[in-house]
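Participant: prediction below, plus the sequence it came from.
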Amino acid sequence: MNQDLLHPDRLFPIDPKARGVARELYGLVSDFPIISPHGHTDPRWFSEDESFSDPVSLLLTPDHYLLRMFYSQGFRMEDFGVYEKGKLGQEDKREIWRRFAENFHLFRGTPSALWLKHVFHEVFGLNTPFNKSTADEYFDLISAKLTLPEFKPRALFDRFKIEVLATTDAPFDSLDAHQKIKDDWGRRVIPTYRPDSVIDPEHEDFHHNMQLFAESSGEDVFSWKGYLRAHETRRSFFKAMGATATDHGHESALTVELSDLRAEELFNKIVHNQFTPADARIFRAHMLWKMAELSQDDGLVMQLHPGSYRNHNNSLFTRYGRDKGADIPTRMEFTENLRALLNSFGNNPKFKFICFTLDESAYSSELATLAGHYPAMKLGPAWWFHDSPEGMIRHRKATMETAGFYNVTGFIDDTRAFLSIPARHDVSRRIDARILSELVCEHRMGMDEARELIVEITGRLARKAFNL
Amino acid sequence: MNQDLLHPDRLFPIDPKARGVARELYGLVSDFPIISPHGHTDPRWFSEDESFSDPVSLLLTPDHYLLRMFYSQGFRMEDFGVYEKGKLGQEDKREIWRRFAENFHLFRGTPSALWLKHVFHEVFGLNTPFNKSTADEYFDLISAKLTLPEFKPRALFDRFKIEVLATTDAPFDSLDAHQKIKDDWGRRVIPTYRPDSVIDPEHEDFHHNMQLFAESSGEDVFSWKGYLRAHETRRSFFKAMGATATDHGHESALTVELSDLRAEELFNKIVHNQFTPADARIFRAHMLWKMAELSQDDGLVMQLHPGSYRNHNNSLFTRYGRDKGADIPTRMEFTENLRALLNSFGNNPKFKFICFTLDESAYSSELATLAGHYPAMKLGPAWWFHDSPEGMIRHRKATMETAGFYNVTGFIDDTRAFLSIPARHDVSRRIDARILSELVCEHRMGMDEARELIVEITGRLARKAFNL
Amino acid sequence: MNQDLLHPDRLFPIDPKARGVARELYGLVSDFPIISPHGHTDPRWFSEDESFSDPVSLLLTPDHYLLRMFYSQGFRMEDFGVYEKGKLGQEDKREIWRRFAENFHLFRGTPSALWLKHVFHEVFGLNTPFNKSTADEYFDLISAKLTLPEFKPRALFDRFKIEVLATTDAPFDSLDAHQKIKDDWGRRVIPTYRPDSVIDPEHEDFHHNMQLFAESSGEDVFSWKGYLRAHETRRSFFKAMGATATDHGHESALTVELSDLRAEELFNKIVHNQFTPADARIFRAHMLWKMAELSQDDGLVMQLHPGSYRNHNNSLFTRYGRDKGADIPTRMEFTENLRALLNSFGNNPKFKFICFTLDESAYSSELATLAGHYPAMKLGPAWWFHDSPEGMIRHRKATMETAGFYNVTGFIDDTRAFLSIPARHDVSRRIDARILSELVCEHRMGMDEARELIVEITGRLARKAFNL
């Protein structure tokens, strides 16, 4: 392998001594199995185990990091194979791939470039740089490899040494694919209970989702008690199917405790479609509190991912739908917003609550201090736009001094780009090795401590946070 | 030249290997012409081409970075030649200069020290450190040089290799100076349309400014339609005079779309002086939206510089006036505030919208993600208090991973300190070389990529963002 | 001494050249006397000079950095010798100490680990690592040393080379301990006037505190004029006892100027217990303004420490009381909130106002710019959760370019952990040496400048900010 394409020392410190230390620390964990407790892969890939169709559909079209960059530079969505709802695609895939190659320089400095190079050179064994002149060579070789048995989803899963892979699923999902994986393959592809679509009354499909929720649970979800029972029932089913966690994507971290009477009144307004935006806000905030209560009972780890303004670009959303790169972070407040939840459940070390943020300015002030106090709360790793080298460095430096290393969970890849999973975990391991190597060389930590710590971070702590 | 005064490797990484790479990258662009698309130099310097009068008036009195530091340390404004409105100055210039020299240590660690050293040693060729014992030597030598033809404004402009220099101008400015420069010199000193003084109803001279606006445009600016036509007319005149951009300094990034009827009603309240602070706020916010609409039509690049609390120190403002170092940044919100403007015009790749901030906590969350999505929007470089080594490093590290390098504009110096322009651009080029050298040495980017990128950043991208 | 336990080059840059420069700079100040103008040691330690009782009560139980980490990891407060109000402790101290040793790894990466190692290896001369197998050795040796005369408070004070140590005291404190220290020892242990408990009407003991305030001052503190006279009287008494400063811990930085009539009306509502939360907020804000007015008169330096949500964990507070590690930072705004105070008093270079923050996102935007303009205002050093290596680095890098080094005060340790005071000041000196060494090696500052600066920061500037 041409070292310049994917250097074995990438992301390590420049100083030769620190680099040597980082290399040693990284070496201790580079081969560890992958724990992926939060992501968006499709379980049907593994239940069906069909070959991936082509390089564009596999690597480009579903990756909103790539789409948003191209769109920001004046390309049309169609230029990269994304079409308006209800319209059929016309673009030639090879042409799209050439456009991708010609404009690959746009990703200089971004984690996407690091991940793609890992996929190209490590997963597919390509040994030339990716650019205009190699576009066809790449397209042909990747296309050919995708037809081979060793590039089918299950084979890659094993090649990637994935120990556990969590998907994210609607509360009314049948989990048939997970069942099939259990039955005929036995690997650990586990669901995650994500009930946003039946908790947010302003979701565009709320009433349809509630119907599905009713059917899947067999409960009268339009009564408050039935609605709560439906959550219990479905959580219990998810748990039986291997789930260890729930996930909640809210616009803010607001949590509110309500009396049962007040909650029921509010719920009735919601289901009778007689609610104000303020009602919807309080309802979502109370449901976070309620979900914490359920987690305390059934032991599912509770994840909160707040602070993304979804579908900020209205005309793009209307034409192309969700998840096209137009979700934009907003300012987040945690200290006051989480108080209701943490005061009710935060002192219980059995309850596990993991909080993420897109607003880095809360790392050292609010989040590290909350996670460094409440036994129930752990801080998630650098997330989404920040699961990048600089993002991870800022995250560790801003949180390790107050929350330590032990109040932060292991890495999550949060991706639907299956082939990039090893790349993402590798970046995280390299950055941890780098940070620890600097602490060692600055005599802030002993080498024995650093060795023990990187092994714990990558292994035990990653499993422990999610009860894996 | 004594290397300790202005070391050729200043601002490069300490590691010898990375330093070598930075030196090579910097060498590729150190001689590039200066593109200065946003600043506050006086066009009359170049239309008249008179010698600068003395070191104090040229280098000290107009520089609010210097004044604010001295004031913060207990000096009076008068100690540095700034007098109350309507009062005549009494201070001896040589005495002021000695005070400056004696207290130069206050600037340790600040960009002002870097810029001044560049001016002293590079522009004036001084070869001793600046301090109490050399104050007179400096004063005499600079005074003498300023009388020479090669230190007149036009000669310095050429010596500095300035390709284009944009000034900032009131919408009713005659642009006579720009015309004279065009006529008898031919260099590119171009105006920028900055209409704040006729857009902010709370500006202390709003009604007087509107009179001037009426005169300069020949429109009935006290009717809504006439007011809009006046903007169109004057923008068109600025464009004919070489302008490629507008500039807007608002207290926040709020943008609001209004129906024409509602806008006209609001405007009538404004011009009849029957408005509340909330009316003024909505009017400014709508005018930002309106200016975007005009930019979409006439192609002028739109710049927004929000978030400075102007004239925070009331008694200082009353006695000495504006721009005396008492403008203080405030928290800024962009995701919700810019939504109206971006939803209306942000999907148009022909419209160019450049956004700046003084609130660095918005870099990685709101700004890099907006600029990394909307084709119309680009992120400005590190601005004002942050156009410093650490400020630029934080800016790049917080934005490059999400917006990349290609959604950020080239450097702007934003200065009225003409002699510091080469110093400021030089710092920016050195910091870019430094950041790229580290990416290369950490194997996050190839050397060929870094070479191409620094050339693009300093040249093509700097021109492209401003249609230059 | 085993270098690995406490390396002489700890916290210095990794690069050998920069490390050499840092070592030289640190060497200039490593032996400087300690100026500790803000902290929470108990003056009775020095007035009584009794031996400290045992390792747990001295080093563990009073340190909320340690308690919060253990609590966050699921330990009970009782596991570390903290008991519910009114209950008697049962835990064996040696067992607690062993628990501490076994779980010392939790502090990896935190400043607590650095400070404790300094205490163990430097103050007590222990020469083995601290862990499960050495727990008893540590417990026995520390217990034994604590009985020696050279480990009594006064002896340690002199061994630590403390020049001045400020305590924090209630406004009705008799200051008997300070008087005794003056009378029979003569070292400078000075009080600080902290009137929060008679300024915050929502303090749980407000009315009782007001009674004590009345008794100590001999004034009718339930009338507005008497209340103000009581502050004057007590401030004057504190000053006579050596105080040079006041300290104010408010939930926000809000300051409000009120007419005397309006203030008196508000005060009457407060003392008759007929106030709303909004009234309480305005009262506190006005009292900050009023305290600034008094400081302008009597010359006491005014410190403001805003932005901590005290006792966030309600059940913990109810059971164990204050200061158990459950104070959580919130977002702070300074530019608008401080305007009333700064407009009234900020232009007076005789008045000294020092502002701290727990919200680092305000460093470069609001705080460095305010401190870099108003003659009265100085920025405090990295505080509380941020008095750590990374916290100090972020603080300097975010503030030095706008406020310079001369608008920032010297280090404060803000601690009740007496034995850690030398460790904390040592970390601060090392980090300053590190930052300056990098500026020198990057040719941003001359070595002569760096030498002068570190001596000033550690000595003259530290004294000057607090009138010491």
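Facilitator: Yep, that arrived.

Participant: residue ranges of the helices in the stretch 51-200 of chain A, please?
Facilitator: A:55, A:64-72, A:93-102, A:111-117, A:135-146, A:153-159, A:176-184, A:196-199 (DSSP state H, counting those that start in this stretch).

Participant: how about those helices in CSV, adding distance to chain C?
Facilitator: In this view, the C-beta of every residue, glycine as well, is placed from N, C-alpha and C. CSV is the format used below for these (distance: least, CB to the nearest CB, whole Å):
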stretch, distance to chain C
helix A:55, 42
helix A:64-72, 25
helix A:93-102, 37
helix A:111-117, 22
helix A:135-146, 39
helix A:153-159, 34
helix A:176-184, 31
helix A:196-199, 26
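
Participant: now the stretch 201-350 of chain A against chain B: closest residue?
Facilitator: Using CB to the nearest CB, the closest approach of the stretch 201-350 of chain A to chain B is made by A:P329 at 4.1 Å.

Participant: OK, contacts around the spatially closest residue to that residue that is not a sequence neighbour?
Facilitator: Distance criterion CB to CB, 6 or more residues apart in numbering or on different chains; nearest residue to A:P329, sequence neighbours excluded, is A:L358 at 3.6 Å. Taking CB atoms under 8 Å, 6 or more residues apart in numbering or on different chains, we find A:L358 in contact with A:307-308, A:329-330, A:332, A:383-386, B:365.

Participant: tabulate these (TSV), appending secondary structure, neighbour count and pLDDT.
Facilitator: As requested, these are exported to TSV (DSSP: H, G, I helix; E, B strand; the rest coil; neighbours: other CB atoms under 10 Å in any protein chain shown; pLDDT from 0 to 100):
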residue	secondary structure	neighbour count	pLDDT
A:G307	coil	27	92
A:S308	strand	20	93
A:P329	strand	28	96
A:T330	coil	19	95
A:M332	coil	24	95
A:W383	coil	20	95
A:W384	helix	21	94
A:F385	helix	23	95
A:H386	helix	26	96
B:S365	helix	27	95
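
Participant: nearest to A:E24, of those?
Facilitator: Nearest to A:E24 among these is A:H386, at 26.8 Å by CB to CB.

Participant: check contacts around the closest one.
Facilitator: Applying CB under 8 Å, 6+ apart, the residues contacting A:H386 are A:358, A:360, A:392, A:394-395, B:364, B:401.

Participant: and for A:T409?
Facilitator: A:354, A:378-381, A:461-462, A:465-466.

Participant: which pLDDT value goes with the residue most central in space within chain A?
Facilitator: Closest to where the C-alpha atoms of chain A average out (CA atoms, centre = their mean) is A:D414, at 1.7 Å. pLDDT recorded at A:D414 is 95.

Participant: and for A:E91?
Facilitator: 83.

Participant: tell me the contacts of A:A326?
Facilitator: A:68, A:311-313, A:316-317, B:373 are the contacts of A:A326 under CB under 8 Å, 6+ apart.

Participant: switch the cut-off to 6 Å
Facilitator: A:A326 makes contact with A:311-313, A:316, B:373, according to CB atoms under 6 Å, 6 or more residues apart in numbering or on different chains.

Participant: go on, A:L258?
Facilitator: Applying CB under 6 Å, 6+ apart, the residues contacting A:L258 are A:H286.

Participant: assign it to helix, strand or coil.
Facilitator: coil (DSSP: H, G, I helix; E, B strand; the rest coil).

Participant: can you give me phi and psi for it?
Facilitator: A:L258 adopts backbone torsions of phi -130, psi 150, taken as degrees, to the nearest 10.

Participant: so it versus A:R281, what's the distance?
Facilitator: Between A:L258 and A:R281 the computed distance is 13 Å (CB to CB, to the nearest Å).

Participant: just the closest of the contacts of A:T409 to B:D15, please.
Facilitator: Using CB to CB, A:P381 comes nearest to B:D15 of the contacts of A:T409, at 28.2 Å.

Participant: pLDDT score for the closest one?
Facilitator: 97.

Participant: excluding its backbone neighbours, what's nearest it?
Facilitator: That would be A:F411: by CB to CB, 6+ apart, it lies 5.1 Å from A:P381.

Participant: wait, doesn't the one you found sit right on A:V427?
Facilitator: No. Applying CB atoms under 6 Å as the test, A:F411 and A:V427 come out as separate, 8.8 Å apart.

Participant: quick revisit: contacts only, for the residue of the stretch 201-350 of chain A closest to chain B.
Facilitator: Here A:P329 is in contact with A:307-308, A:358, B:365, B:369 (CB under 6 Å, 6+ apart).

Participant: what residue in the stretch 101-250 of chain A comes nearest to chain B?
Facilitator: For the stretch 101-250 of chain A, CB to the nearest CB, closest residue to chain B: A:G109, 3.9 Å.

Participant: how many neighbouring residues does that residue have?
Facilitator: Neighbours of A:G109 under the rule other CB atoms under 10 Å in any protein chain shown: 29.

Participant: again, but for A:F130
Facilitator: Neighbours of A:F130 (other CB under 10 Å): 19.

Participant: now it. Nearest residue, chain neighbours left out?
Facilitator: Per CB to CB, 6+ apart, closest to A:F130 is A:F104, 5.5 Å.

Participant: got the contact list for stretch A:422-429?
Facilitator: The contact list for stretch A:422-429 (CB under 6 Å, 6+ apart) reads A:29, A:34, A:115, A:118, A:160, A:411, A:413.

Participant: whoops, stretch A:60-72 was the one
Facilitator: By CB under 6 Å, 6+ apart, stretch A:60-72 touches A:80-81, A:100, A:106, A:112, A:323, A:325, A:416-417, B:372-373, B:375, B:407.

Participant: could you dump those to CSV with distance to A:F238 and neighbour count?
Facilitator: Formatted as CSV, those follow (distance: CB to CB, whole Å; neighbours: other CB atoms under 10 Å in any protein chain shown):
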residue, distance to A:F238, neighbour count
A:F80, 35, 21
A:G81, 33, 23
A:F100, 37, 25
A:L106, 40, 21
A:S112, 32, 24
A:D323, 23, 15
A:G325, 29, 24
A:R416, 20, 16
A:A417, 24, 24
B:G372, 35, 27
B:H373, 33, 28
B:P375, 41, 21
B:N407, 40, 26
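
Participant: out of the residues you listed, who's nearest chain C?
Facilitator: Using CB to the nearest CB, the contacts of stretch A:60-72 come closest to chain C at B:G372, 21.0 Å.

Participant: which residues touch the spatially closest residue to the closest one that is not a sequence neighbour?
Facilitator: The shortest distance from B:G372 to any non-neighbouring residue, by CB to CB, 6+ apart, is to B:A403 (4.2 Å). With contacts defined as CB under 6 Å, 6+ apart, the neighbours of B:A403 are B:368, B:371-372, B:379.

Participant: could you find the closest non-adjacent residue to A:S308?
Facilitator: A:D327 (4.6 Å).
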